[in-house]
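Colleague: Give me a 3D structure for the following:
(chains A and B)
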Protein chains: 2
Amino acid sequence: MTAAPQGYGTSALDFLFHPESIAIVGLSTDPSKAWLSDCYVTPMLQMGYPGSLYVVNPKGGHIDGVSVYPSVKDIPGTIDYVISLVPAQHTPRLLEECAAKGVRAVQFYTAGFSETGEPDDVQLQERLVSVARRLGMRLLGPNCMGLYCPESRLGFCPDFPSETGSIGLLCQSGGNTGYIVRSAAARGLRFSKVISYGNACDINECELLEYLANDDATRVITAYIEGTTDGRQLLRSLSMAARRKPVIVLKGGETESGRRAAATHTGSLAGVDAVWDSLLKQAGALRVDSVEEMADVLVAMLQMRRPRGLNTCVIGIGGGSNVLATDDCEHAGLRLAPFPPHIAERVSAVLPPAGSMRRNPLDAFSLVGFPQGWQQLVDILHDWEGLDLVLFHYAFGGPPLPPHYERIAPALGPMTSAAKNVRLPMAVVLHSTPNNDSWQASLTVQRMCLEAGLPFFVSVSGAALAIRKVVEFGLANPGLLDRLLAEA
Amino acid sequence: MTAAPQGYGTSALDFLFHPESIAIVGLSTDPSKAWLSDCYVTPMLQMGYPGSLYVVNPKGGHIDGVSVYPSVKDIPGTIDYVISLVPAQHTPRLLEECAAKGVRAVQFYTAGFSETGEPDDVQLQERLVSVARRLGMRLLGPNCMGLYCPESRLGFCPDFPSETGSIGLLCQSGGNTGYIVRSAAARGLRFSKVISYGNACDINECELLEYLANDDATRVITAYIEGTTDGRQLLRSLSMAARRKPVIVLKGGETESGRRAAATHTGSLAGVDAVWDSLLKQAGALRVDSVEEMADVLVAMLQMRRPRGLNTCVIGIGGGSNVLATDDCEHAGLRLAPFPPHIAERVSAVLPPAGSMRRNPLDAFSLVGFPQGWQQLVDILHDWEGLDLVLFHYAFGGPPLPPHYERIAPALGPMTSAAKNVRLPMAVVLHSTPNNDSWQASLTVQRMCLEAGLPFFVSVSGAALAIRKVVEFGLANPGLLDRLLAEA
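Modeller: Here you go, the predicted model:
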């Protein structure tokens, strides 16, 4: 193979995110494959991609109102970026056609390369890379979904937010890209640039990390990585990125069978977990163990004021849910100190003894419907020296009554209003939704939080773990998170 | 205090669940307190409680069409069971009035007793017990929601299922009772008898365990316990129950602050966790760490065939979700062996190399819409000797397209149909639902599973942990779970 093009790892990839013309090649006109145009044509049209958009299929015709050209060479003018859905065996020929049209990069949705483990397929992928290097073209994938960049109106999921944000995501799995973006979006988080990069035959995790580290629009980098072919380069790229911005990493294929899965998924050398753990630690990345945890860490990092320590006051509505929430918080490493005497005394003046658990956790059951009481409570907590964090929570599946949309807003409105007035670091946890009634009620309060700009979590253990990890990460990386907040 | 009434722990409590007349005393006519009649009157009316139902309030009038009597003594005839909502200070007088009407048991929703920690309140609870013992009356609570027994049409949550089942639940928290019953109900599980027992001043966890151990309608006992006043008796009662039936225990107040929370919630001596752990182990109970885990263990125990071991085949749709599912399974202790050669060969004849991960986990993406392929796959797995368990799963938030109700049923129908035909132990996991679209789609498939009688879980890690724990519990308690299945 020839060497990778120059400019590796700096802003060399910037052109990827600003193509003036895009051709989607091999998109089927068969109605059973219409979902592929929902992925690749619909988002561009919905978001209003301002460049020229072409579809290529030998049968011609129209797809979603876009003219279909029989081949790449039939398209008038030049093309910057190609999305390939052609079968694997036709991809080298496609590259030759693309070169003739001035294409600078090709993304392959096309699968059936090194991930199958079949020698022919591995060889085909190698050939593809050789051809691309000879022609001076960059390749994304194969076996990936490609790019989502709201600023440039690029995307591949019709329901991804059209607003831009500050999170850069590189994700080796197309499906997990969907799950990560949707999980974050549901929490009010938005992305600068998202790259689903699959088998990483050319553009790989190292180059993407370095690119995002240099990208001004990206303030936090998060990554789902199944494997690498160059651990040393990954350590260098990751370390460089982690010195500039917080980098969060979910390693797919942690276990032995998980590694086998990763190998058949993206042809990755997943590597022994202890090696990865040490690599991520050495580089200064924050490791997470699930997509849910990734979303929680992003919320704690981007939406919450940073607690100086782990001393937490837990305020819920209901006794049993407070007991379990307290266990969850302490298991995750938060600390719940009893109220100091002067605080206990003032809390006792606001809350009656029956049904209040006035010691931390606090059961604010008696304050439902009493906004003044909530505000008094917040005022008291402001005078608790040494308190680092206030955690409000509500278990939607717990109360004797089934939650109703019209009843939940007035019941929890005073809680979220009080949360808004907390001057300490603060989080809301909306949890325990085993059925549709409880989920819909929690969704109502999620929307209240989103509108009020309140950071919320969907499980107490998830919130507590993420907050503890971000506090520790902040202490281990002085300045890194403060910079983030200063920029916010 | 005088001794507890005779017959302790056998069927002495049976009368509690079959009252011929009930009086709800202290129910407010104030519209802002209408929710309390939604709790205590509505469920009885909805389920068709066949006995006499009375409401008592000095103001008289009607509540939900039920005549309100000014006092207990104004009710014509005798009363078996009283639900008290009167303020704490009036409860001793209430007991005297009840005695005159032949009341055998009183349940106290009323709170403000030992759980507040105030000496006066602690004393009031002791006085209440003394009075009750003198009068030959049993007390449930105080500070509890009371009884739910669908067979007898008793209940306190208007949305609890009216169908009866085989799970007996004792729960020290009213809110957690709601969360446990709803979590289990959403999974198709039903209850024989549920007791929210609060401060346990008279009827306590020991007596309830022994009662449920002797109750023919109860096949599995599950408990949420915050503390006990008699660890030795609890060990005896728990051991006796666990010899007869599986007993699942969630201990609330595991951590230091959790114990403080439990003390202020139900006045419980929560005790050091290591002591509890040893007590639960010695008694032969299966310990769980959350309500979610309790529901998962109940599904694994009551709805799944028992795997002989932990060798699992994981089948999903999508690559990245399979990698993460595999990690979750192995972290929880399940094992994913690669396909043996003769199985691998036959799988390769059904699934194309691209996008299939044909090694375990299996990515059945190419089988979406091909029912015959799913059935062929199941037939092949039946010939895999040494395979203990098949786990189908789907990540609703992952696919490039947002899930749609009308599209998800045909897409996943062939998977659930194939799941029905698996003759090995089998579970379905419907997971990763970060937003309402993905939740609604998963709800559609949950309903398909409920209708088809398929055991389903809502997270891969939850499913894997519960299955592993139940397999180990079955091996440690030979016969106990087999009996359960034989009775099913």
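Colleague: Only C-alpha atoms from now on, for both contacts and neighbour counts.
Modeller: Noted.
Colleague: mind checking which helix or strand of chain A has the lowest mean pLDDT?
Modeller: helix A:480-487 (a mean of 74; mean pLDDT, DSSP states H and E).
Colleague: Let's check: the centremost residue of chain A is which one?
Modeller: Nearest to the mean C-alpha position of chain A, counting by Cα atoms, centre = their mean, stands residue A:180 at 4.1 Å.
Colleague: Helix or strand for that residue, just tell me which one.
Modeller: Element membership for residue A:180, per DSSP states H and E: helix A:174-185.
Colleague: Does chain B have contacts with that helix?
Modeller: Yes: counting by Cα under 8 Å from any Cα of the partner chain, chain B is contacted by helix A:174-185 at A:174, A:175, A:176, A:177, A:178, A:179, A:180, A:182, A:183.
Colleague: Only alpha carbons, please: show the helix or strand hosting residue A:82 as PDB.
Modeller: In the assignment (DSSP H and E), residue A:82 maps to strand A:81-84. What follows is the C-alpha trace of strand A:81-84 in PDB, where atoms were taken according to Å, rounded to 0.1, in the frame of the first residue of the first chain:
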ATOM      1  CA  TYR A  81     -18.400  13.200  -1.900                       C
ATOM      2  CA  VAL A  82     -19.900   9.800  -2.800                       C
ATOM      3  CA  ILE A  83     -22.000   7.500  -0.600                       C
ATOM      4  CA  SER A  84     -21.700   4.000  -1.900                       C
END
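Colleague: What pairs with it, parallel or antiparallel?
Modeller: Strand A:81-84 sits in its sheet next to strand A:21-25 (parallel), strand A:105-108 (parallel), going by DSSP bridges.
Colleague: deepest of those strands, which one?
Modeller: Comparing the strands paired with strand A:81-84 on average neighbours per residue, with mean count of other Cα atoms under 10 Å in any protein chain shown, the densest one is strand A:105-108 at a mean of 25.
Colleague: Adding mean pLDDT as columns, could you present the strands paired with strand A:81-84 in TSV?
Modeller: What follows is the strands paired with strand A:81-84, written out as TSV (pLDDT from 0 to 100):
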stretch	mean pLDDT
strand A:21-25	97
strand A:105-108	98
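Colleague: In a markdown table, list the ones you listed along with distance to residue A:458.
Modeller: Rendered in a markdown table, the data for the strands paired with strand A:81-84 read as follows (distance: least, Cα to Cα, whole Å):
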| stretch | distance to residue A:458 |
| --- | --- |
| strand A:21-25 | 38 |
| strand A:105-108 | 35 |
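Colleague: Let me see the confidence value for the closest residue to residue A:400 other than its chain neighbours.
Modeller: Excluding its sequence neighbours, the residue lying closest to residue A:400 (Cα to Cα, 6 or more residues apart in numbering or on different chains) is residue B:157, at 5.3 Å. The per-residue pLDDT reported for residue B:157 equals 95.
Colleague: Not counting stretch A:411-423 itself, show me its contacts.
Modeller: A:368-371, A:374-375, A:378, A:382, A:390, A:392, A:426-428, A:445, A:448-449, A:452, A:454 (Cα atoms under 8 Å, 6 or more residues apart in numbering or on different chains).
Colleague: Out of those residues, which sit inside helices?
Modeller: For the contacts of stretch A:411-423, membership in helices holds for A:371, A:374, A:375, A:378, A:382, A:445, A:448, A:449, A:452, with DSSP state H as the criterion.
Colleague: Can you tell me which of those residues is nearest chain B?
Modeller: Set against chain B, the nearest of those by Cα to the nearest Cα is residue A:445 (13.3 Å).
Colleague: burial count for the closest one?
Modeller: By the measure other Cα atoms under 10 Å in any protein chain shown, the count of residues near residue A:445 is 21.
Colleague: tell me the contacts of it?
Modeller: With Cα under 8 Å, 6+ apart as the criterion, the residues that contact residue A:445 are A:408, A:409, A:412, A:430.
Colleague: What helix or strand is the third one located in?
Modeller: Think residue A:412. Taking DSSP H and E as the definition, residue A:412 sits inside helix A:405-420.
Colleague: And the average pLDDT for that helix is what?
Modeller: Regarding helix A:405-420, the rounded mean pLDDT is 89.
Colleague: What is the helix holding residue A:180 packed up against?
Modeller: Counting contacts by 3 or more Cα pairs under 8 Å, 6 or more residues apart in numbering or on different chains; DSSP states H and E, the secondary-structure elements packed against helix A:174-185 are strand A:191-196, helix A:291-302, helix B:319-331.
Colleague: which SS class is residue A:343?
Modeller: Taken by DSSP: H, G, I helix; E, B strand; the rest coil, the conformation at residue A:343 corresponds to helix.
Colleague: separation between it and chain B?
Modeller: In this structure, residue A:343 lies at 17 Å from chain B, with Cα to the nearest Cα, to the nearest Å as the measure.
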